[in-house]
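1. Got a predicted model here, sequence first, then my questions.
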Amino acid sequence: MNKKKTLVIGAGLMGITSAYELMLRGHEVTLVDELDSPASSASYANAGMLTPSMPEPWNGPGVYKNLIKSLFNADASMRLRWHAIPGLMDWGIKFLKYSSKPYFEKACRDNFYLTSFSLKKTQETAERLSLDYCRGKLGTLSIFRQAEDFLVKQSLYQSLNEMGMNCDILETDEIIHLVPALSEMKSEIYKGIHFHEDEFGDAHLFCCELLENFIDGGGEVKYGEVVSKINIKNEKLIGITTSNGLIESDNILVCAGAKSPIILGTANINLDVKPAKGYSATTEIQNLKELLPLPVLDDSMNIVFTPLGNRLRMVSTAEFAGYDNSIDKKRIEMMLESLNKILPRVFSRVNKDNILPWTGHRPMSCDGKPFIGESKIKGLYVNCGQGPLGWTLAMGSANLIADIITRKKPAIDPMLFSMNRLAK
């Protein structure tokens, strides 16, 4: 019996994990990407955290106020650029619609189910294959400077706690005991929350290691394939046209991140996903673990510091700026300033000439949940829209879409993330 041929577009977190899971289920899988190496776009230098503790969408109640203010504030952590507004109109109306409290709370619950499942699958895969990606198992720490900021988050975390999330509220002395490098700002900290079940690690390294196992298992990878069209003849899926010609396949799975809507548009399929530009900066710091044993998120400044072996990853800010890839140096400088204020002992070890800036486009759905499932065209599937939760949701999303494609009963209700959920 011939194996089903499945073509996966996009060799980032979603594409590599999905290709691997489909291979395990007996499919003949070809993975294609327009770049010349794996996980070199949005998956390359993200925050490095796997966080069921952060299931909330960016479009929470009142988000419109922050977006309007950001038009006039270059330092805003989430910024809307004037030139991007025309391209966001239809999507933006939905983004605001789904920011109401009932939609927001449902998205939090649905995302939490998938993040928890995904973390479990990531752990199983990492341990079964002995993957080496600077994995950390100490959880994450969120710190709060004001009582009002803490109370806003506390209600969300209490509801997640009821669904099974394990976390502790910490007083300042407990925070300093956990992360001694925070001692200089002890007087500014109100409280903290330690999320025990969160993990951290380098998503790019994870992708590279998993890809090796995919190839060893018989999977094929083709780089430098710029997809120009999804080919359909007589309402039947044929394959794709790339810069190197036609590639035929029984199934096609689009996992191309923020470029997925462009590719799907060639088949007259609308995907409510837009790019959200994120920034990070990475630098080598010897013996970093002594100062920063786990990721620290400063809620008031919306910045994360993640230890990845002897590398420090700083992540902050997001911009709705279309597909612009340029790096705003001011954004990198802002992160270094924040590091100096929050973790001055870590900052003192930074070599400013050895900082690697990065930017990538997070694929943001209009309702804060990913699209995982079959399109209106038989055999054409999508796994996209994970936004800032890409690393967290990767293995769970891959298992879900692989089960859908192979007609197996998924562990997660597929209707929660279906392509047509917004039509209801």
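-> Happy to help now that I have it.
2. Could you grab the helix/strand/coil label for the closest residue to residue 292 other than its chain neighbours?
-> In space, and not counting its chain neighbours, residue 292 is closest to residue 307: 4.7 Å by Cβ to Cβ, 6 or more residues apart in numbering. No exception for glycine: its C-beta is placed from N, CA and C like everyone else's. Secondary structure, DSSP: H, G, I helix; E, B strand; the rest coil: residue 307 is strand.
3. wouldn't residue 307 be in contact with residue 200 here?
-> Yes. Applying Cβ atoms under 8 Å as the test, residue 307 and residue 200 come out as touching, 7.5 Å apart.
4. so what secondary structure elements neighbour the longest helix seen in the chain?
-> As assigned by DSSP state H, the longest helix anywhere in the chain is helix 101-129. Counting contacts by 3 or more Cβ pairs under 8 Å, 6 or more residues apart in numbering; DSSP states H and E, helix 101-129 packs against strand 49-50, helix 147-162, strand 199-200, helix 203-216, helix 390-405.
5. now the ones you listed in CSV, with distance to residue 8 and mean neighbour count?
-> Output for these, formatted as CSV (distance: least, Cβ to Cβ, whole Å; neighbours: other Cβ atoms under 10 Å):
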stretch, distance to residue 8, mean neighbour count
strand 49-50, 22, 28
helix 147-162, 32, 14
strand 199-200, 25, 25
helix 203-216, 10, 20
helix 390-405, 10, 27
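6. can you tell me which of the ones you listed the model trusts least?
-> Mean pLDDT values for these show the minimum at helix 147-162, a mean of 83.
7. Helix or strand next in line after it, which one?
-> Helices and strands here follow DSSP states H and E; after helix 147-162, the next one along the chain is strand 167-170.
8. Report the buried residues of that next one.
-> Within strand 167-170, the residues scored as buried using 16 or more other Cβ atoms under 10 Å are 167, 170.
9. from the chain's centre, how far out does it sit?
-> On the basis of Cα atoms, centre = their mean, to the nearest Å, strand 167-170 sits 24 Å off its chain's mean C-alpha point.
10. Now tell me what touches the next helix or strand after it from outside.
-> Per DSSP H and E, strand 167-170 leads on to helix 172-178 as the next helix or strand towards the C-terminus. Helix 172-178 has contacts (Cβ atoms under 8 Å, 6 or more residues apart in numbering) with 141, 143, 170, 182-183, 186, 189-192, 194, 293-294.
11. Pull out the buried members of those.
-> Buried among the contacts of helix 172-178 by 16+ other Cβ under 10 Å: 141, 143, 170, 182, 189, 190, 191, 192, 194, 293, 294.
12. what is the mean pLDDT for the longest helix of the chain?
-> 96.
13. Tell me the buried residues in it?
-> Applying 16+ other Cβ under 10 Å to helix 101-129 flags 103-104, 107-108, 110-123, 125-126 as buried.
14. give me every residue that touches the residue nearest to residue 409 when sequence neighbours are not counted.
-> Sequence neighbours aside, residue 403 is the residue nearest to residue 409 in space, at 6.9 Å (criterion: Cβ to Cβ, 6+ apart). Applying Cβ under 8 Å, 6+ apart to residue 403 gives the contacts 25, 409, 410, 411, 414.
15. Quick check: beta-bridge partners of residue 49?
-> Assessed by DSSP bridges, residue 49 has beta-bridge partners residue 200.
16. so what's it up against?
-> Listed by Cβ under 8 Å, 6+ apart, the contact set of residue 49 reads 140, 198, 199, 200, 295, 304, 306, 391, 392.
17. switch the cut-off to 10 Å
-> Residues in contact with residue 49 (Cβ atoms under 10 Å, 6 or more residues apart in numbering) are 136, 139-140, 195, 198-201, 203, 294-295, 297, 304, 306, 313, 315, 388-389, 391-392.
18. now it: how far from residue 227?
-> Per Cβ to Cβ, to the nearest Å, residue 49 is found 30 Å from residue 227.
19. Please apply the same query to residue 14.
-> Counting by Cβ to Cβ, the gap between residue 14 and residue 227 amounts to 15 Å.
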